[in-house]
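Novice: Just a sequence and a predicted model for now, questions to come.
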Amino acid sequence: MSTKKFARESAVIMTEMVLPNDTNTLNNLMGGKLMHWMDVVAAIAAQKHSNSIVVTASADNISFQQPIALGNVVTLKAQVTRAFNSSMEVFIEVTAEDIPANKKVMTHRAFFTFVAVNENNKPSRIPELVPETPEEIENFEGALRRRQLRLVLAKRMKPEDAVELKSIFNLD
Ligand SMILES: CC(=O)SCCNC(=O)CCNC(=O)[C@H](O)C(C)(C)COP(=O)(O)OP(=O)(O)OC[C@H]1O[C@@H](n2cnc3c(N)ncnc32)[C@H](O)[C@@H]1OP(=O)(O)O
């Protein structure tokens with residue numbers, strides 16, 4: 001297995017149309033349906049980086065600030081921001097487009113974490129990720145702090161060990 005891969009190699013774009021079965025009683029996209037699409041597009045990005053089976057370990061907060069209407073075309077872009085040992089963070093950006101009205105808006109951004117697993121469902125080592133563009137470098141650098149925050153919240157890391165996270169609050 002190659003030990004390094006570029007961030008761009010994991011990029012995935014998925015397009016869906018909001019159909020009646022995807023909506024709530026207000027004719028807007030169900031939040032759970034959107035989260036399902038986000039999980040799928042992000043899992044594909046994680047698979048592309050790791051060349052492995054992946055499982056969702058966590059999804060960071062997703063806020064629903066504006067509804068996505070029946071008939072809108074939803075585009076989900078996903079790309080791995082950083083790889084750790086067996087886990088990787090994936091950034092997902094969602095846009096909704098009303099094509100007849102020529103209106104397109106960015107509706108959601110979120111970070112999901114996936115873990116590569118082997119045939120025995122045990123976490124397995126993944127390639128290092130190399131960021132290239134300024135945006136990829138910014139996401140790569142922030143990923144360590146976000147990882148520490150989610151591991152502290154999941155009680156998998158002691159707050160005092162979250163060194164990079166603490167440094168942004170000047171707690172030392
Ligand atoms: C695509 C899908 O929808 S899959 C279905 C939904 N997902 C699942 O069913 C996954 C169920 N969970 C699991 O199988 C396990 O908890 C796993 C594989 C995620 C972790 O397994 P563990 O035995 O706890 O492994 P371990 O403690 O060694 O952690 C493995 C990695 O997961 C990371 N991890 C574990 N929990 C979390 C979490 N809540 N948030 C972020 N990362 C996490 C760890 O930091 C570690 O990362 P690293 O190897 O890069 O340092």
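Specialist: That came through fine. Residues are numbered from 1 along each chain as shown.
Novice: Give me the three-state assignment for residue 165.
Specialist: Under DSSP: H, G, I helix; E, B strand; the rest coil, residue 165 falls in the helix class.
Novice: Contact partners for the spatially closest residue to it that is not a sequence neighbour?
Specialist: Counting by CB to CB, 6 or more residues apart in numbering, residue 165 lies nearest to residue 148, which is 4.1 Å off, once chain neighbours are set aside. Backbone N, C-alpha and C define where each C-beta goes, glycine included. Contacts for residue 148 (CB atoms under 8 Å, 6 or more residues apart in numbering) come out as 157, 161, 162, 163, 164, 165.
Novice: Take those residues and write them to JSON lines, including pLDDT and neighbour count.
Specialist: Output for the contacts of residue 148, formatted as JSON lines (pLDDT from 0 to 100; neighbours: other CB atoms under 10 Å):
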{"residue": "157", "pLDDT": "96", "neighbour count": "16"}
{"residue": "161", "pLDDT": "92", "neighbour count": "11"}
{"residue": "162", "pLDDT": "92", "neighbour count": "18"}
{"residue": "163", "pLDDT": "90", "neighbour count": "11"}
{"residue": "164", "pLDDT": "87", "neighbour count": "15"}
{"residue": "165", "pLDDT": "87", "neighbour count": "20"}
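Novice: about what we covered before: and the residue nearest to residue 165, what helix or strand is that in?
Specialist: Assigned by DSSP states H and E, residue 148 belongs to helix 134-153.
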